[in-house]
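Colleague: Pasting a predicted model and its sequence here:
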Amino acid sequence: MEDSDLHRIKAWLIAGGLAGTPEDALLQGFCERCLAAGLELSRGIALIDTLHPIYEGRAFRWRNDGVEERSLVEYGRTTEGAAAADWQRSAFQYLLTTGTELVRRRIGLGDPTDFSQLEALKADGHTDYVAMVHRLAPDGSIGVMDCVYSSWVTRRPEGFGDDDLLALRRLVPALALAIKCGALAQIASTLVEVYLGRDAGLRVLSGRISRGVADRISAVLWFSDLHGYTAMADSASPDQIIPFLNDYAELVIAAIHEAGGDVLKLIGDGTLAIFNAEDPGDACRSALRAAQTLRRNLMALNQRRAAENRPVTSVYLGLHIGEVFYGNIGSDARLDFTVVGPAVNEVSRIASMCRQVDRSVLLSDTFAAATPAAERADLVSVGRYALRGVSRAQELFTLDPSLI
């Protein structure tokens, strides 16, 4: 590979990293350019850990034999099960524990196949394997994302030449840096979505981070909490409380997301969410669909937990529609992207009335009025009530009991 090829590939990687090119596309473009410049790669893999509640990291794969496989794989924890055994036998684990930066096995020329996957690679006609690690400085790490691993394989009969190894040593750091750029963007997107909610997260990433910047919107407000949670929390051990909350929070959040809503805040056992649509009737319809989904799935969850001799509960839900301010609230040192306004207080009061009237779902009169006629036929009045902290008394509605 000529110096001009090296400079051209590095320039392409820098441009791709700055442009936000997806990591798997970066790997594909890198390998194809190396191949065109005379570096006879047959496979390439790059891995980088991430910061995600489910996945430990992401792997990007390229091969030139025409076999179809996913170019991006999100992998789970490598500390348990079969994944742990594979990791312990990997060249990457060897690099991590020995502190070295490169390990090579000329598998077609007599070297041992002592790492995972090498036997299969040798049987498939590959002759040389090189694994590399590029470590990030502590200030450049996020969580477990502290290095970029890569491996490179060839079918060239004599394996990689000295010039090939030199080219990889000079080029792969630039690839690692470009992949890190993409990984950081992915982590930022994941964190804001997980901790702020999907719509709020997108707004923050788009630049709406100044204190006091808020939109006045009309939205359906959802507030739900768990029946009997306080009494249970007082008597149960911590190792029971967290799985209990997680089971029911998963149920509520999944129902909201499936119907197109956005969860803004988890407050102990409570959930605040919004359904926003150009047509208020559509937002009401979506919220009711989420409520029905929640009811169905709640029955299945309670049956499973009861069979496991674990505590069960029900969910109280209030639905309201009104104007709120949606944006950044707080101080310069700590902001929250949420909704505020009298309507938020009102929906929480409506939810708290569920205990008094012995209903699991209560809807405000404004919500009922905005609900499309077909769905409104399924609403039943439970009477007129004065809500604590709300200036006006109002009629509350519930779903037809036969539908719950």
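Modeller: Perfect, I can see it now.
Colleague: Is residue 298 within a helix or a strand, and which one?
Modeller: helix 280-307 (DSSP states H and E).
Colleague: my bad, should have said residue 253
Modeller: Using DSSP H and E, residue 253 sits in helix 238-258.
Colleague: Can you point out the buried residues in the following helix or strand past that helix?
Modeller: Next in sequence after helix 238-258, counting helices and strands by DSSP H and E, comes strand 262-267. For strand 262-267, burial by neighbour count (16 or more other CB atoms under 10 Å) applies to 262, 263, 264, 265, 266. For the C-beta atoms, the positions are set from N, CA and C on the backbone; glycine is no exception.
Colleague: which ones are touching the residue nearest to residue 340 when sequence neighbours are not counted?
Modeller: Nearest non-adjacent residue to residue 340, counting by CB to CB, 6 or more residues apart in numbering: residue 325, 5.2 Å away. Contact analysis of residue 325 by CB atoms under 8 Å, 6 or more residues apart in numbering lists 214, 215, 216, 339, 340, 341.
Colleague: now the protein, which segments are flagged as low pLDDT?
Modeller: Along the chain, the model assigns pLDDT under 70 to residues 403-404.
Colleague: Going along the chain, name the strands of this protein.
Modeller: Along the chain, counting by DSSP state E, strands occupy 43-49, 57-63, 72-75, 102-105, 128-135, 147-154, 214-226, 262-267, 270-275, 315-330, 335-340, 361-363, 379-385, 394-399.
Colleague: got these as JSON lines, with distance to residue 168 columns?
Modeller: Output for the strands of the chain, formatted as JSON lines (distance: least, CB to CB, whole Å):
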{"stretch": "strand 43-49", "distance to residue 168": "10"}
{"stretch": "strand 57-63", "distance to residue 168": "14"}
{"stretch": "strand 72-75", "distance to residue 168": "22"}
{"stretch": "strand 102-105", "distance to residue 168": "9"}
{"stretch": "strand 128-135", "distance to residue 168": "7"}
{"stretch": "strand 147-154", "distance to residue 168": "6"}
{"stretch": "strand 214-226", "distance to residue 168": "51"}
{"stretch": "strand 262-267", "distance to residue 168": "45"}
{"stretch": "strand 270-275", "distance to residue 168": "50"}
{"stretch": "strand 315-330", "distance to residue 168": "46"}
{"stretch": "strand 335-340", "distance to residue 168": "44"}
{"stretch": "strand 361-363", "distance to residue 168": "62"}
{"stretch": "strand 379-385", "distance to residue 168": "67"}
{"stretch": "strand 394-399", "distance to residue 168": "64"}
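Colleague: quick one, longest helix in the protein?
Modeller: Looking across the chain with DSSP state H, the single longest helix is helix 162-196.
Colleague: orientation of that helix relative to strand 57-63 in degrees?
Modeller: Relative orientation of helix 162-196 versus strand 57-63 (axes from the mean of the first three to the mean of the last three CA atoms, to 10 degrees): 140 degrees.
Colleague: Counting neighbours, which bits of helix 162-196 end up buried?
Modeller: Quick answer for helix 162-196 (16+ other CB under 10 Å): 164-165, 167-168, 171-172, 174-184, 186-187, 190-193, 196.
Colleague: What of stretch 276-287?
Modeller: Neighbour-count burial for stretch 276-287, with 16+ other CB under 10 Å as criterion, is recorded at 276, 277, 280, 281, 282, 283, 284, 285, 286, 287.
Colleague: again with stretch 99-114
Modeller: Neighbour count says stretch 99-114 has 103, 104, 105, 107, 108, 111 buried, by 16+ other CB under 10 Å.
Colleague: swap in stretch 241-261?
Modeller: For stretch 241-261, using 16+ other CB under 10 Å, the buried residues are 244-245, 247-249, 251-253, 255-256, 259-261.
Colleague: Now the two most distant members of those.
Modeller: Pairwise distances among the buried residues of stretch 241-261 were taken by CB to CB; the largest, 27.3 Å, belongs to 244 and 260.
Colleague: How is this structure partitioned into domains?
Modeller: Following automatic domain parsing, one finds the domains of the chain at 3-195, 207-403.
Colleague: Distance to residue 201 added to those domains, as TSV?
Modeller: Below are the domains of the chain laid out as TSV (distance: least, CB to CB, whole Å):
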stretch	distance to residue 201
domain 3-195	3
domain 207-403	8
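Colleague: isn't residue 158 right up against residue 127?
Modeller: Yes - at 7.5 Å, residue 158 and residue 127 qualify as touching, with contact defined as CB atoms under 8 Å.
Colleague: what residues do the two have in common as contacts?
Modeller: Listed as contacting both residue 158 and residue 127 by CB under 8 Å, 6+ apart are residue 109.
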